[in-house]
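**Q** Quick check, what structure comes out for this input:
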Amino acid sequence: MGASVLELATPRSCTSESLNSTLKDPTLLKLIGDYLQYQDKVRRGHLGKTGMFWLSMMDHARLVFMMDFAVKTNNFELFHHCNGAMADLFFAYDGHNYARYLTWFEAFLTNIDLSHPGALDYIKLGAIAVARSLIPGALAAVDKTMEETFMRFAKTSGGLLGLFNNCGAYQKWCRTTSARAQLYELTLEMCGMIDDPEMPKAGKHRELEPAQIKKSELAVQSVISAINGFTNPWRILDKSRLYSLASGAPIDPEVEADVLRAEAAGKAAKEQFIQERFISKRKDFFDRLKKLRLKTMDYCSKRVKLTSAQGKLFVYKEQSNLAFQLLVQTSEIYELRSNQEETDSRIVLYLHQAVKWGYKSSVVRTPDTDILMILLYHASRINLSIYLDHGSGKHRTLINVTELSESLGPDYCSTLLGFYVFTGEDCTSTFKGKGKVNPQKKLEKTPKLHKAFRQLGADWMVTDELQEEMESFTCIMYGQARMTSVDTVRRADKAIIESPKPHDPGMGWEKTGEEEVLEPVWAIGPILPPSLVEVLAQRAESEEHAALDKVTDYANNNLSVGEVDGELEME
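**A** Down below sits the predicted model:
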């Protein structure tokens, strides 16, 4: 290898001058040429289908990096090439908006000398990116800079969809957006709510802060660790199949065919688009594009459809980080055999086995509160430092269960386990409206019941004495410390309604006859006063005598009596 290449490998000698001289070294040029030839062999299947696929993935990643490099260095030719090459991938995987406009943009840049003579010279001077600070290499794309500076305050809260439906509103927005954005920005600047948009704070970028550099380094190490955990695509013996590097499993033949021909299919679709819409113009530019519908690696993920009790349909999909491995070496440990159904109680068995294997500490990762209570109960009997890894993200904590058990004491830990089961597992309390904290405080103030909770669960049969003590604690929870029966507390809190019978005296009904049929009581005692009754009776009697006198007078004045055939006849 040439001396210039070795000089470039030295960190202090890595400069632009040494790089330019190294690129002229014949040894390095031959090495690069041989490497490119070897890449072409791999693309043709020299290392199998998996090697072909992952080399194409490297090409795609390199294309993205080159696009970023073109923006950072204002390299127009590289920028032009990357935009056109990216359109092939969008055509292949049905990203039609990007495919359509990137192709148009490539054609526009190709013919810019014809449409805008002299514009290319200005573009090459630095029209792709702008510098917003004095930090070298920190150029930003022009469109991105526009959106982050003078156009930042021109956006509407609800977007432009509603404006497009109203022509007048859209025209008003177009005419006033720049002035409105300037006024809004000046108002915020006067209030001290924004920094100088032309210069980052203290001339620094967030990416160059020590904390951000450390975070970026950790992210890079995480990526390297993930790549090292993958199957090496260049050393897979079976070259006739395409394998997933995450799971080590072979890919479905249909997916394999679509993945390997994606680039060629995208290029063909792009050429057809240019021929039909730019050259022959047999189709309009905005006519619908036909989807290729190529299958990707995601299609290989197994999907299982399950129906919940409420009738909802859930689809579970296999993920790469949960996928199976091609070869797993397993061994059976007879000491860990157990007939326990759940892992909660088997963890104690695992911890005892860890002590036999010579471990000094152990970390249990679980979100389940049941395991914490079980570990507190058994921590004093296990010669091991036990830690509980609980929570996630910024709320993730590590609890020293052994130290906590020692501070509480073995008796109180066993009391807590019985109390936890009695009041209901997890976060939901068995007793409505009581929760967990208040009953525990009342338990701490009632040490005479601690023994009862320690005995709870020690035997399958619950004695009458233990049941009475549990009832007594339940009464304490509900504020009735003097009572010992739950039924008594229920009756004390329940209102008693006295409902009289309808035939009771004074209710207006009475039983009559042998069948005791209910009949209404119309009155009790005299309906009218006795003096009024006498007056009415005398009046009725006098009216009766008067009527009789009238009849007698009428008969005397109008009737005659004669004898006909020996009988009396009245006329």
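
**Q** pLDDT value on residue 539, please?
**A** Residue 539 is assigned 86 on the pLDDT scale.

**Q** ok, it - how many residues close by?
**A** Residue 539 has 10 neighbouring residues, counting by other CB atoms under 10 Å. For glycine as for every other residue, the C-beta is placed from the backbone atoms N, C-alpha and C.

**Q** can I see the domain layout of the chain?
**A** 45-149+198-272, 345-493, 530-560 (automatic domain parsing).

**Q** JSON lines please, covering these and showing distance to residue 38.
**A** Output for the domains of the chain, formatted as JSON lines (distance: least, CB to CB, whole Å):
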{"stretch": "domain 45-149+198-272", "distance to residue 38": "8"}
{"stretch": "domain 345-493", "distance to residue 38": "45"}
{"stretch": "domain 530-560", "distance to residue 38": "133"}
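
**Q** Residue 524: which of the ones you listed is closest?
**A** Residue 524 sits nearest to domain 530-560 of all these, at 15.8 Å, using CB to CB.

**Q** and residue 508, which of the domains of the chain is closest to it?
**A** domain 530-560 (24.4 Å).

**Q** ok, which stretches of the stretch 401-550 of the chain are helices?
**A** 401-408, 410-422, 437-444, 450-455, 464-477, 486-493, 530-558 (DSSP state H, counting those that start in this stretch).

**Q** count of neighbours near the residue lying closest to residue 457 once chain neighbours are set aside?
**A** Excluding the flanking residues, the one nearest residue 457 by CB to CB, 6 or more residues apart in numbering is residue 418, at 6.1 Å. Residues lying near residue 418 (other CB under 10 Å) number 23.

**Q** Residue 481 too?
**A** For residue 481, using other CB under 10 Å, the count is 14.

**Q** That one touches residue 475, doesn't it?
**A** Yes: if you go by CB atoms under 8 Å, residue 481 and residue 475 touch, sitting 6.8 Å apart.

**Q** Tell me if residue 101 really is in a helix.
**A** Yes: according to DSSP: H, G, I helix; E, B strand; the rest coil, residue 101 belongs to a helix.

**Q** And it, how far from residue 297?
**A** 27 Å (CB to CB, to the nearest Å).

**Q** Kindly report the same for residue 78.
**A** As judged by CB to CB, residue 78 and residue 297 stand 29 Å apart.

**Q** can you check residue 291 too?
**A** Counting by CB to CB, the gap from residue 291 to residue 297 is 18 Å.

**Q** Between those two, tell me which one has more neighbours.
**A** For residue 291 versus residue 297, neighbours defined as other CB under 10 Å are more numerous around residue 297 (17 against 11).

**Q** Which of the domains of the chain comes out lowest on mean pLDDT?
**A** What stands lowest among the domains of the chain, in mean pLDDT terms, is domain 530-560, with a mean of 78.

**Q** is it fair to say residue 362 lies in a strand?
**A** Yes: counting by three-state DSSP, residue 362 is located in a strand.

**Q** contacting residues around residue 350?
**A** residue 336 (CB atoms under 8 Å, 6 or more residues apart in numbering).

**Q** swap that for residue 336, sorry
**A** Residue 336 sits next to 346, 349-350, 353 when contact means CB under 8 Å, 6+ apart.

**Q** Enumerate every residue touching the closest residue to residue 454 other than its chain neighbours.
**A** Spatial nearest neighbour of residue 454, excluding adjacent residues (CB to CB, 6+ apart): residue 414 at 4.7 Å. Contact analysis of residue 414 by CB under 8 Å, 6+ apart lists 377, 453-454.

**Q** most surrounded residue in those residues?
**A** Using other CB under 10 Å as the neighbour definition, the contacts of residue 414 reach their maximum at residue 453, which records 23 neighbours.

**Q** Okay, that one and residue 347: tell me how far apart.
**A** Relative to residue 347, residue 453 is positioned 22 Å away (CB to CB).

**Q** now swap in residue 381 and tell me
**A** 14 Å.

**Q** Just want to know which of these two has more residues nearby.
**A** Higher neighbour count among residue 381 and residue 347: residue 347, with 21 against 11, using other CB under 10 Å.

**Q** Is it correct that that one falls within a strand?
**A** No: counting by three-state DSSP, residue 347 falls outside a strand, being helix.

**Q** residues touching it, list them.
**A** Here residue 347 is in contact with 364, 371, 374-375 (CB under 8 Å, 6+ apart).

**Q** Then residue 127?
**A** The contact partners of residue 127, by CB under 8 Å, 6+ apart, come to 74, 76, 142.

**Q** Surely the last one is in contact with residue 129?
**A** To tie it back to what came earlier, the one meant is residue 142. Yes: with contacts counted by CB under 8 Å, residue 142 reaches residue 129, the gap being 6.4 Å.

**Q** Neighbour count: these two, which is higher?
**A** residue 129 (21 against 14).

**Q** hang on, that one packs against residue 141?
**A** Yes: when contacts are counted by CB under 8 Å, residue 129 is listed as touching residue 141 (5.6 Å).

**Q** For these two, list the residues in contact with both.
**A** residue 71.

**Q** Going along the chain, name the strands of this protein.
**A** Chain-ordered strands for the chain, with DSSP state E as the definition, fall at 129-131, 139-141, 303-307, 313-317, 361-365, 385-390, 397-400, 509-512, 517-520, 561-564, 567-570.

**Q** same for the longest one, what does it pack against?
**A** Based on contacts counted as 3 or more CB pairs under 8 Å, 6 or more residues apart in numbering; DSSP states H and E, the elements that strand 385-390 packs against are strand 361-365, helix 369-378, strand 397-400, helix 401-408.

**Q** Provide the strand pairings for it, with the direction of each partner.
**A** Neighbouring strands of strand 385-390 in its sheet, by DSSP bridges, are strand 361-365 (parallel), strand 397-400 (antiparallel).

**Q** If you count neighbours, what's buried in that strand?
**A** 386-388, 390 (16 or more other CB atoms under 10 Å).

**Q** so how far is that strand off the chain centroid?
**A** Its chain's C-alpha centre and that of strand 385-390 lie 27 Å apart, by CA atoms, centre = their mean, to the nearest Å.

**Q** same question, the first one
**A** Chain-centre distance of strand 129-131: 39 Å, with CA atoms, centre = their mean.

**Q** Can you give me the distance of residue 544 to residue 552?
**A** From residue 544 over to residue 552 (counting by CB to CB), the distance is 13 Å.

**Q** Dump the buried residues of strand 385-390 into a markdown table; add distance to residue 500 as well.
**A** As requested, these are arranged in a markdown table below (distance: CB to CB, whole Å):
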| residue | distance to residue 500 |
| --- | --- |
| 386 | 67 |
| 387 | 69 |
| 388 | 63 |
| 390 | 61 |
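
**Q** What is the nearest of the residues you listed to residue 527?
**A** Among those, and counting by CB to CB, the member closest to residue 527 is residue 390, at 84.8 Å.

**Q** Done for today, thanks.
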